[in-house]
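In: Could you work out the structure for the sequence below:
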Amino acid sequence: MTPRNFLVRGLLAGLIAGILTFAVAYIAGEPSVDAAIKVESAGETPHAHGQSAPATHGGDHHDENGTVVSRQNQSTWGLATATISTGVAFGGIVALAAAFALGRIGRLRPSQSTALVAALGFVSVALVPFIKYPATPPAVGNADTIGSRTTQYFVMLAISVLAMIAAVLLFRKLLDRFGTYTAVLTSAAAYLAVVILAGALMPTVNEIGDFPGDTLWYFRRGSLMTLATLWGVIGIALTGLIGKLYVQESATQARRDLAASL
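Out: Numbering: from 1, shown residues only. The predicted structure is shown next:
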């Protein structure tokens with residue numbers, strides 16, 4: 001049960017998660033992105049003095065050198081590259097965190113502590129920041145506030161992650177003295193208190209304007225489904241792989257003990 005073995009299995013779990021996340025993002029997310037691009041294109045009315053607004057080429061992206069990235073490539077190869085690379089990265093991070101947590105969170109088996117680490121990671125890294133600052137599609141938000149909105153999101157992310165680490169440390173401190181039930185309840189309440197207070201104090205972003213509410217809802221629903229798929233598959237796959245590794249290592253150790261006793 002070495003960090004290397006955890007990492008290898010985490011990368012594999014992340015690869016599987018990235019592929020499945022691509023499928024979910026393509027099916028559940030891309031239609032709302034296309035709808036948002038149509039809204040954005042429809043809003044580009046001709047300027048004064050008879051000058052026409054620049055065309056968007058159906059959502060194509062131009063860089064400073066004039067290179068065109070087609071919407072087809074963005075929604076297929078580009079999306080797949082993003083989800084797979086993100087999945088592998090997060091799979092490795094979760095695996096290393098699970099290796100570090102092994103034996104440090106109560107009397108849990110390796111598979112149980114791995115599942116717990118993945119669940120806590122989803123809540124602190126994905127869910128709580130998303131609730132405060134949900135994803136927004138193209139045509140939503142002021143371009144002049146991108147920097148401040150990005151900063152606010154990462155500040156909320158940092159608060160959530162640090163609060164979760166503190167809650168786990170609090171759980172460990174209370175476990176032996178008050179038992180599992182009280183330790184879980186107290187640490188969970190402490191985490192919720194911190195993130196709720198932070199969410200109330202952090203600035204609120206309201207730059208939706210007259211963007212269609214149903215399109216915004218479907219986009220955010222697809223985004224949350226994508227995040228849940230990524231973290232869920234990493235957690236399930238890594239838990240299964242670590243559980244299998246634990247069974248193999250336990251059987252090997254049992255044979256060694258038997259041989260040593262003869």
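In: tally of neighbours for residue 244?
Out: 12 (other Cβ atoms under 10 Å). Bear in mind the C-beta positions are built from the backbone N, C-alpha and C, glycine included.
In: how much distance is there from stretch 119-129 to the middle of the chain?
Out: 7 Å (Cα atoms, centre = their mean, to the nearest Å).
In: List the buried residues for it?
Out: 120, 121, 122, 123, 124, 125, 126, 128, 129 (16 or more other Cβ atoms under 10 Å).
In: Repeat that for stretch 136-155.
Out: Applying 16+ other Cβ under 10 Å to stretch 136-155 flags 136, 137, 138, 139, 140, 141, 149, 152, 153, 155 as buried.
In: Outside of that stretch itself, list whatever touches it.
Out: Stretch 136-155 is contacted from outside by 32-33, 35-37, 39-40, 43, 59, 129, 133, 202-203, 205, 207-209, 211, 215-216, 219-220, using Cβ atoms under 8 Å, 6 or more residues apart in numbering.
In: Which members of these occur in helices, if any?
Out: When the contacts of stretch 136-155 are checked against helices (DSSP state H), the matches are 32, 33, 35, 36, 37, 39, 40, 129, 215, 216, 219, 220.
In: Could you single out the nearest of those to residue 99?
Out: residue 129 (24.7 Å; Cβ to Cβ).
In: quick one: the closest one and residue 163 touch, right?
Out: No - contact criterion Cβ atoms under 8 Å: residue 129 and residue 163 do not qualify, at 11.6 Å.
In: Of the buried residues of stretch 136-155, which pair is most distant in space?
Out: Longest span within the buried residues of stretch 136-155, Cβ to Cβ: 139 and 155, 25.2 Å.
In: Now do the same contact list for residue 160.
Out: 124, 125, 128, 129, 195, 198.
In: if you set the cut-off to 10 Å instead, what comes out?
Out: By Cβ atoms under 10 Å, 6 or more residues apart in numbering, residue 160 lies in contact with 123-129, 131-132, 191, 194-195, 198-199.
In: Also residue 250?
Out: 1, 109, 110.
In: List buried members of the residues you listed by neighbour count.
Out: residue 110.
In: Quick check: residue 179 vs residue 100, distance?
Out: 24 Å (Cβ to Cβ, to the nearest Å).
In: Looking at the two, which has the bigger crowd around it?
Out: residue 100 (13 against 10).
In: which parts of whatever helix or strand the more buried one lives in are buried?
Out: Assigned by DSSP states H and E, residue 100 falls within helix 79-101. By neighbour count on 16+ other Cβ under 10 Å, the buried set for helix 79-101 is 79-80, 83-84, 86-88, 90-99, 101.
In: Then stretch 195-213?
Out: In stretch 195-213, counting by 16+ other Cβ under 10 Å, buried: 195, 198, 199, 205, 211.
In: and if you look at stretch 245-258?
Out: Judged by neighbour count using 16+ other Cβ under 10 Å, the buried positions of stretch 245-258 are 245, 246.
In: Now that stretch: average pLDDT?
Out: Per-region confidence: stretch 245-258 scores 77 on mean pLDDT.
In: again, but for stretch 203-217
Out: The model assigns stretch 203-217 a mean pLDDT of 80.
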